[in-house]
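A.B. asks: Next comes the sequence, and after it the predicted model I'd like to discuss.
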Amino acid sequence: MQPVATGEAVHETRTAGETRAVRSHSEAERRRRQRINGHLATLRSLLPAATRLDKAALLGEVVRQVRELRVRVEEVAVMVPGEGDEVGVEEEEDGGGGRVVRAWVCCADRPGLMGELSRAVRSVRARAVRAEMVTVGGRTRSLLELEVSEAAERGEGRSALQAALWAVLLTNRTAPAESYSKRARTSTRFSKT
């Protein structure tokens, strides 16, 4: 800028290059604000009841939601069957003075697996009170919450249960995969003729 004296006041005038630079900077800043506002609008549309939140509250809610989703993903990832066969048994106190026994088995999916697992659990005088099963790509992960009898608690219940579950996995490991056939899925949709 070049100062220009007019009477008592000194005015500054911009050169054409300086004017272009200021205009270019203003345009870039305007585009940046538009992008930010567009992303904030997208976030508002993704979150329930977020239409009236200011920017700081909206970002805080997004952070809370992302943290909650991470916890959910970790919970789900525990249930996805892995590539290797595994058996696990763990015991915890249930808060009421009792015990909760959790057992899990991860193996290739096959017909009759749940029946075999049920027989193995009964063989050590335990009873399944809850079961979750996830099958992905021919692999199954079964999680069982068990009620264990007092007789089994006094003995080596945990190691006996683990041995019984391993026996289920090892029993049919040598059978060829072709000998198992999945039930054909039927559709309830009918084609119009």
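C.D. replies: Yep, that arrived.
A.B. asks: The residue lying closest to A164 once chain neighbours are set aside: how many residues sit nearby?
C.D. replies: Leaving aside its sequence neighbours, A164 sits nearest to A120 (C-beta to C-beta, 6 or more residues apart in numbering; 3.9 Å). C-beta here means a position set from N, CA and C on the backbone, and glycine is covered the same way. Residue neighbour count, defined by other C-beta atoms under 10 Å, stands at 25 for A120.
A.B. asks: where's A120 relative to P111, distance?
C.D. replies: 16 Å (C-beta to C-beta, to the nearest Å).
A.B. asks: swap in A126?
C.D. replies: Noted for A126: a distance of 23 Å to P111, by C-beta to C-beta.
A.B. asks: hang on, A167 packs against R119?
C.D. replies: No - look at A167 against R119 with C-beta atoms under 8 Å: they stay out of range, at 10.1 Å.
A.B. asks: Just the pLDDT for the residue lying closest to R99 once chain neighbours are set aside.
C.D. replies: Nearest residue to R99 in three dimensions, chain neighbours excluded: E91, at 5.5 Å (C-beta to C-beta, 6+ apart). E91 is assigned 84 on the pLDDT scale.
A.B. asks: Which residue ranges of this structure form helices?
C.D. replies: Counting by DSSP state H, the chain has helices at residues 16-46, 55-79, 113-123, 150-154, 157-171.
A.B. asks: how about the ones you listed in TSV, adding mean pLDDT?
C.D. replies: Below are the helices of the chain laid out as TSV (pLDDT from 0 to 100):
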stretch	mean pLDDT
helix 16-46	89
helix 55-79	84
helix 113-123	89
helix 150-154	55
helix 157-171	86
